[in-house]
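>>> Only the shape, not the letters, is given here:
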């Protein structure tokens, strides 16, 4: 059985891994040694990583990340304004990216770039950080306003999901992140921008409740019968559905039934990426929700499972191959991109969140 001291040691190591790899400009690289991720920072990954660092008490590191995002997004003001003017005619290939180089550019190699969830995740993350530590969020207002304007214009447009797949669909986890981010941002907005943000958040929630549920639980995308390991985020932290509500309870139960194997959570049942392993960050996300739902024993089961996946030097990977859904597909990805991303900073950030939620950080 893992002891509190061991949990705390891994938390300290997680913080050290994150901050050791933080770029001097503030960005958190997704995975510093992985062939397809190194050199890039995602708003989604970084937003959750910053939340873990903020909970750990490292205000300076989280500030640097949020400073970086705000600068990068403020530099996109003209681009977002042009897209908003184009409205429905705005082409996907001109949308701001989901990942950025450390100097804020798009990057030279092609990627699945039109994803709106990261912008919502960052809004939630920066406002939550400011509130926790009594900071003035006006410091990040230039970036906040760009993110809000982008989301209020394009919140209902199909885009790639958390996993950079299925651009043709409207994904419930994406709508959850947009809702959570816009709702959080209301505390720092005023006037017409605040009204637009509130209207978009409410519309996203209503759309999900109308078209994004089946048999009482949330689904992967509008009209799908399947669930996704990212769906618990629609409950905690994004509040698209209320914690403790029948929809929340049914969603957590369905995700656990379909995707949880011995404490490790899969992305979705058709996942072939590296054979469809168990993702540490999704285990932490489900554990976070269980803790909020009054099941600390269930949450600690996930914390323990994550701790068991650490390498000998305390690094946490993106996923592990103990319970592959589609093992025949794993060699293809090993040949294409090499070993699984280790460390993945998002995994370390989510571990810090769950450890804090369970009161074992200090």
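Happy to help now that I have it. Just so it is clear, the structure is predicted and the values come from calculations on it, not from any experiment.
>>> where's the residue nearest to the spatial centre of the chain relative to residue 123, distance?
Centroid-nearest residue in the chain: residue 44, 4.3 Å away (criterion: CA atoms, centre = their mean). Separation of residue 44 from residue 123 (CB to CB, to the nearest Å) stands at 12 Å. In short, each C-beta sits where N, CA and C put it, glycine included.
>>> thinking again about what came up before, touching, the residue nearest to the centre of the chain and residue 117? I think so.
Yes. Look at residue 44 against residue 117 with CB atoms under 8 Å: they come within range, at 5.8 Å.
>>> So for the residue nearest to the centre of the chain, what's the nearest residue that isn't a sequence neighbour?
residue 118 (3.9 Å; CB to CB, 6 or more residues apart in numbering).
>>> Contact partners for that neighbour?
Residue 118 makes contacts with 42-44, 47, 98, 177, as judged by CB atoms under 8 Å, 6 or more residues apart in numbering.
>>> From residue 362, how far out is the closest residue to residue 133 other than its chain neighbours?
Of all residues not flanking residue 133 in the chain, residue 59 sits nearest, at 5.2 Å (CB to CB, 6+ apart). According to CB to CB, residue 59 stands 15 Å off from residue 362.
>>> between the two, who's got more neighbours?
residue 59 (15 against 9; other CB atoms under 10 Å).
>>> per-residue confidence at residue 78?
Per-residue pLDDT puts residue 78 at 98.
>>> how near is it to residue 115?
For residue 78, the distance to residue 115 - CB to CB - is 21 Å.
>>> what about these two, which has more around it?
residue 115 (26 against 9).
>>> what's near enough to touch the nearest residue to residue 266 once chain neighbours are set aside?
Using CB to CB, 6+ apart and skipping residues adjacent in sequence, the residue nearest residue 266 is residue 259, 4.4 Å away. Residue 259 makes contact with 227, 229, 265-269, 282, according to CB under 8 Å, 6+ apart.
>>> Buried subset of those residues, written for ChimeraX?
To isolate the buried members of these in ChimeraX, using 16 or more other CB atoms under 10 Å:
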select :227,229,265,266,267,268,282
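>>> Which single one of the contacts of residue 259 is nearest to residue 107?
Checking the contacts of residue 259 against residue 107 with CB to CB, the nearest one is residue 267 at 23.6 Å.
>>> hang on, isn't the closest one packed against residue 226?
No. Contact status for residue 267 versus residue 226: not in contact, 10.9 Å apart, counting by CB under 8 Å.
>>> for this protein, what spans make up the helices?
4-21, 43-56, 59-74, 77-86, 117-133, 141-154, 172-185, 191-211, 246-259, 280-292, 296-308, 330-337, 345-357 (DSSP state H).
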